[in-house]
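J.: test case, fold it:
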Amino acid sequence: MTAAALAGELHTPLFTVQLDGLMTKFMGETASKLRLVFSAMAETKGVYFFDEFDAIGAKRAERNDVGEIRRVLNSFLQFLDEDESDGLVVAATNHPELLDPALFRRFDDVIEYTLPSVEVATGIFQARLSGFDTRDIDWSMAVTDATGLSQAEIARAAADAAKLVILSDRERITQNDLAIAIAERKGAASQ
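T.: Take a look at the predicted model:
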């Protein structure tokens, strides 16, 4: 969501780099594909988003380190150092503790998202469901149910509840609709 917001504010396209398509089992091929991404950055201004970045950005000194991944990370660091494009690189992970310290020196900013406060969670629910009749919703109960969910997961739970209501051809969201959607998000988040 942050990468999309940055792209929108900068009026540039958002490019999501699919790491599963980037990584191969053949030595050197992953770094070659990574070079293509950085070449594209030189030609096309945009926001380049690497999700689940710990897949290639893991600490190089770990004992279970795979040599090819270490080479890929070294290549990534070199490409970043050499990059003179107007592109913006955004990398995201749910496991910052796994990342190599050299990455933190290469990125201009590190943004850490903590779980939302009660006020923020309530605001997300209310904003996402503002087009529906929510007069029966106990927002404090919904927020308590959503404890442990991130901002993005709360937004998705609200969207899921809205879909439930639309598919049921209703205009009013019930507490149960929201509880079901939150429970599904919690289940998805724990996987």
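J.: now do the domain split for this protein, please.
T.: Structural domains annotated on the chain: 2-106, 118-185, as defined by automatic domain parsing.
J.: the closest residue to Leu98 other than its chain neighbours: neighbour count?
T.: Ranked by Cβ to Cβ, 6 or more residues apart in numbering and with sequence neighbours excluded, the top spatial neighbour of Leu98 is Asp54, at 4.5 Å. In this view, the C-beta of every residue, glycine as well, is placed from N, C-alpha and C. Neighbour count for Asp54, taken as other Cβ atoms under 10 Å: 19.
J.: among the domains of the chain, which is nearest Glu112?
T.: Closest to Glu112 of the domains of the chain is domain 2-106 (Cβ to Cβ; 7.3 Å).
J.: contacting residues for the spatially closest residue to Met141 that is not a sequence neighbour?
T.: Take Met141 and drop its neighbours on the chain: the residue closest to it by Cβ to Cβ, 6+ apart is Gln175, 6.7 Å away. Gln175 makes contact with Asp136, Ile137, Asp138, Met141, Ala142, according to Cβ atoms under 8 Å, 6 or more residues apart in numbering.
J.: returning to what we had before: just the domains of the chain: most buried one?
T.: Using mean count of other Cβ atoms under 10 Å, the stretch among the domains of the chain with the largest mean neighbour count is domain 118-185, at a mean of 17.
J.: kindly check the end-to-end length of that one for me.
T.: Taking Cα to Cα, to the nearest Å, the first and last residues of domain 118-185 lie 17 Å apart.
J.: what about that domain, distance to the chain center?
T.: Its chain's C-alpha centre and that of domain 118-185 lie 20 Å apart, by Cα atoms, centre = their mean, to the nearest Å.
J.: now the residue nearest to Met141: how far from Arg135?
T.: Distance from Gln175 to Arg135, counting by Cβ to Cβ, to the nearest Å: 11 Å.
J.: ok, Gly8 next?
T.: 32 Å.
J.: how about Glu153?
T.: Taken as Cβ to Cβ, the span from Glu153 to Arg135 is 25 Å.
J.: repeat that for Ala121.
T.: 19 Å.
J.: Val72 belongs to a helix?
T.: Yes. Under DSSP: H, G, I helix; E, B strand; the rest coil, Val72 falls within a helix.
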